[in-house]
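Colleague: Build me a model from this:
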Amino acid sequence: MSPIVDIKRIADWAMPAKWSDVVPPTIAELREMGRKLRPPADPGLCYIARANDGDELIGVIIALPDYNQVLAKLNGRLFPSGFLKFLWYRRSIDGTRFFVGFVVPEWRKRGDRGHLPPLRPCRPSPWLQVGRGVDYR
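Modeller: From the prediction side, this is the model:
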């Protein structure tokens, strides 16, 4: 199956029922997001976790390289030499920013990390803080 379809199925299952104002994205929206995220994304930071020899979907994690490490070195200037600095310093990014994460309800609170490889040091993006203290049941 296509990774987009797998992400759609996971998002449909994992979206908390109490989040009535948030709806899972459609296939077309997921394709558009993938097209927009392709330039800054690192394929090694996008995982779909599966169990039972790949038959059962568990969750999805998408992280992006932490470009804030590079932007801090540009001092707010992209021209005349900032763009070259950006290209040079982006090779030295050693952190990630957690962007998307869904886990289907049957696999939540299990503490099982065996289905996902370890990420580099990862910090949540500031806008992800809205989920704190929310009952996900």
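Colleague: Show me what counts as buried in the longest strand anywhere in the chain.
Modeller: Identified as the longest strand of the chain according to DSSP state E is strand 56-65. Neighbour-count burial for strand 56-65, counted by 16 or more other Cβ atoms under 10 Å, picks out Leu57, Ile58, Gly59, Val60, Ile61, Ile62, Ala63, Leu64, Pro65. To be clear about C-beta, it is placed using only N, CA and C from the backbone, and glycine gets the same treatment.
Colleague: can you confirm Phe98 is in a strand?
Modeller: Yes. Judged by DSSP: H, G, I helix; E, B strand; the rest coil, Phe98 forms part of a strand.
Colleague: and it, how far is that from Ser20?
Modeller: Phe98 is 24 Å from Ser20, where distance means Cβ to Cβ, to the nearest Å.
Colleague: Give me the more crowded residue out of those two.
Modeller: Counted by other Cβ atoms under 10 Å, Phe98 and Ser20 do not tie: Phe98 has more neighbours, with 16 against 7.
Colleague: distance of the residue positioned nearest the centre of the chain from Lys73?
Modeller: Geometric centre of the chain, nearest residue: Ile62, 2.2 Å, by Cα atoms, centre = their mean. Separation of Ile62 from Lys73 (Cβ to Cβ): 25 Å.
Colleague: Residues in a beta bridge with Ile62, which ones?
Modeller: Going by DSSP bridges, Ile62 is paired in beta bridges with Cys46, Val100.
Colleague: Report the contact partners of it.
Modeller: Leu37, Ala41, Leu45, Cys46, Tyr47, Phe99, Val100, Gly101 (Cβ atoms under 8 Å, 6 or more residues apart in numbering).
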